[in-house]
Every structure is written in C-alpha cells, then in structure tokens.
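# take this sequence and fold it.
(one chain, ligands or ions: 1)
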Amino acid sequence: MASDTGTGTASPDSPFLLELDDIRAGYGRAALVLRGLTVRVPAGAIVCLVGPNGAGKSTVLKVASGLLAPRAGRVLVDGKDLTGHGPQRMLAAGVAHVLQGHSVFREMTVAENVLLGGYTLRDKQLIAERVSFVRDLFPVVGERWTSLAGLLSGGQQKQVEFARSLMVKPRVVLLDEPSMGLDPKATGVVFEQIVRMRDAGTAVLLVEQNARRALEAADTGCVLDLGRVHVSGPARELLADPQLGELYLGGRPARR
Ligand SMILES: Nc1ncnc2c1ncn2[C@@H]1O[C@H](COP(=O)(O)OP(=O)(O)OP(=O)(O)O)[C@@H](O)[C@H]1O
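Residues are numbered from 1 along each chain as shown. Below is the predicted model:
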C-alpha cells in the first residue's frame, strides 16, 4: 500500500487511461479543495475514492471531466495532456461523467433517455449497435425500454443513467455517489452493474459515501484527506486495514 501516490511523471506511452497529476483546484476565491492530488486509472479497472464529507471527492470528478479547470497540475487521457479542456472535449476523448443524484428525465421514456446519450452520434448503424450493447449490459433497460423513466425505481433509473453514459463508448466513466438514496438491495444491484461495465471494457473512477461496499467492488482504493490522496492501494488491502477502517470506513472491518 502506498502512502500518498506522489507526483510521478506521465509519458505519452503511459499505462494509465486517466491521470490526474498533482492537481490543485478550488472554487472562486475560496481556499483550495484539492492540494496536490494525484489519481491514476488504468484501463479495465475500477478505482474508488473514499474520504470524509467535504474531502473533495466530487471535485476530483469535476476536474477529470473538465467541469472545473485546475489551478495547477495536469489532466491526461492516454498520456495526452488535456488540462483545461472543457466537458465536450473530455467527452470526445472518452471521459463520461455520471453526476450525483438522479438525472433521468422522468417524463421521457427509457429509450428517449438512453438515446439522448448518443445525440452526438450521426451513424445510425453505430447508434443501433450501442443501443443493443447497453440493453444487453443492463437487462432492466431493455425490459423497460418503452416505459416512462419516472416509473422506474431509483436503482433502475441509475442503470438508465449508466446506459446513457455508455452510448458514446467512453473509455472511462466517472460515477459520483451511484448508491445515493438507494436501499441496500438496489445498491447491491448497482454495484454489480458497475463491475459489469468494467468487465465489458469501460474503466471506472468512482466516488462513494458507502465506502465499504464500493471498495468491495473496486480494484484500487484511494483515501482522500485534506485535498490529497492520503493512502492508496489494492481495495482489499484498504478494507482489511483496521486503522483505515476505524478512521475512514465507519468502524472495523467485518470479521471473515
Ligand atoms: N460549486 C461549488 N462552489 C463553491 N464551493 C464548492 C462547490 N462545490 C463544492 N464546494 C466545496 O468544496 C469542498 C469539497 O466539496 P466536494 O463536493 O468535492 O466534497 P465531497 O468529498 O464530494 O463531499 P461529500 O462526500 O459530502 O459529497 C466543500 O468544502 C464544498 O463546500
């Protein structure tokens, strides 16, 4: 397990899909929220950020998707420096952001919601392929295709949001608190779907309050504190660490 991932260097042949390198970022004139944060997401991995309320977890995702420009540091996709580019450019580079809370259009059908995710696509054949892909990946999306999205449960709506984000075939999806407002059963289903997304080839950078459940699904965990990555390492090791459990994961790990 590494104590702070440090600054490191990035190169054009970087093994990482997404790198946030020594990021400093904040809002307006307020004090910096991120103070030298480094997070790296390899292809085919789920990386999970955990940490106390207000630690800056959502801010990390906003920097990664171009919603918030960092004051210093670099944002790289496939080793290419895209620092300062906005959300449109980051999406074109393969970085999709599923925001916190529920963002389906309740008065529209599941189909209309999902197709909105592909509105930049012009090729009808490609749209059909992507629709088929997301319907296979998230069976409930296919089953409820013609229903009004507002009639679906919270967990089902979250899967519609995932499907919408995958329409453009992103390389990495940023998920902000996907279990927010869901009961334990729906949370379990949503995490299963996140693992399926990873297994289908999309890397995931995940932010969660439900730290234990998220780390169980993740490959790598990063604990944020005071605007930096305090500790990072294999998610299983973080889960098994009693000190981290006590400090950041709401008590000691469950006995196995
Ligand atoms: N749009 C904004 N304008 C000003 N300050 C903001 C804005 N968004 C977040 N902040 C501040 O930045 C800090 C970090 O917020 P952020 O939402 O990134 O934390 P978080 O770790 O995701 O918190 P939580 O777990 O409570 O969602 C907080 O002090 C918050 O008040």
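# where do the strands sit along the stretch 51-200 of the chain?
All strands of the stretch 51-200 of the chain, identified by DSSP state E, counting those that start in this stretch, fall at 72-77, 80-81, 95-98, 172-176.
# using PDB, write out every CA atom in the third one.
Included here for strand 95-98 are C-alpha records, laid out as PDB according to Å, rounded to 0.1, in the frame of the first residue of the first chain:
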ATOM      1  CA  VAL A  95     -14.300  10.600 -20.300                       C
ATOM      2  CA  ALA A  96     -18.000  10.500 -19.400                       C
ATOM      3  CA  HIS A  97     -19.400  11.800 -16.100                       C
ATOM      4  CA  VAL A  98     -22.500  10.500 -14.400                       C
END
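# paired strands for it, with orientation please.
Looking at strand 95-98 with DSSP bridges, its partner strands are strand 172-176 (parallel).
# then the second one?
According to DSSP bridges, strand 80-81 has the following sheet partners: strand 72-77 (antiparallel).
# flag every buried residue along the strand it pairs with.
For strand 72-77, a neighbour-count test (16 or more other C-beta atoms under 10 Å) marks 73-77 as buried. Glycine gets a C-beta too; all of them are placed from N, C-alpha and C.
# what are the buried residues along stretch 29-36?
Buried, per 16+ other C-beta under 10 Å, within stretch 29-36: 32-36.
# straight-line length of it, end to end?
In stretch 29-36, first residue to last residue: 18 Å (C-alpha to C-alpha, to the nearest Å).
# ok, which stretches of the stretch 101-250 of the chain are helices?
In the stretch 101-250 of the chain, helices defined by DSSP state H, counting those that start in this stretch lie at 110-116, 124-137, 139-143, 154-166, 184-199, 211-217, 235-240, 242-248, listed in chain order.
# just checking, what packs against the shortest one?
Other helices and strands packing on helix 139-143, by 3 or more C-beta pairs under 8 Å, 6 or more residues apart in numbering; DSSP states H and E, are helix 124-137, helix 154-166.
# deepest of those helices, which one?
Among these, ranked by average contacts under mean count of other C-beta atoms under 10 Å, first place goes to helix 154-166 (a mean of 23).
# just checking, residue 21 is part of a strand?
Yes: secondary structure assignment (DSSP: H, G, I helix; E, B strand; the rest coil) places residue 21 inside a strand.
# thought it was touching residue 72?
No: judged on C-beta atoms under 8 Å, residue 21 makes no contact with residue 72 at a distance of 10.0 Å.
# which neighbours do those two share?
Counting by C-beta atoms under 8 Å, 6 or more residues apart in numbering, residue 21 and residue 72 have no shared contacts at all.
# and the closest residue to residue 135 other than its chain neighbours, how many residues sit next to it?
Nearest residue to residue 135, sequence neighbours excluded (C-beta to C-beta, 6 or more residues apart in numbering): residue 142, at 3.6 Å. If you count neighbours by other C-beta atoms under 10 Å, residue 142 ends up with 17.
# how about residue 97?
Residue 97 has 22 nearby residues by other C-beta under 10 Å.
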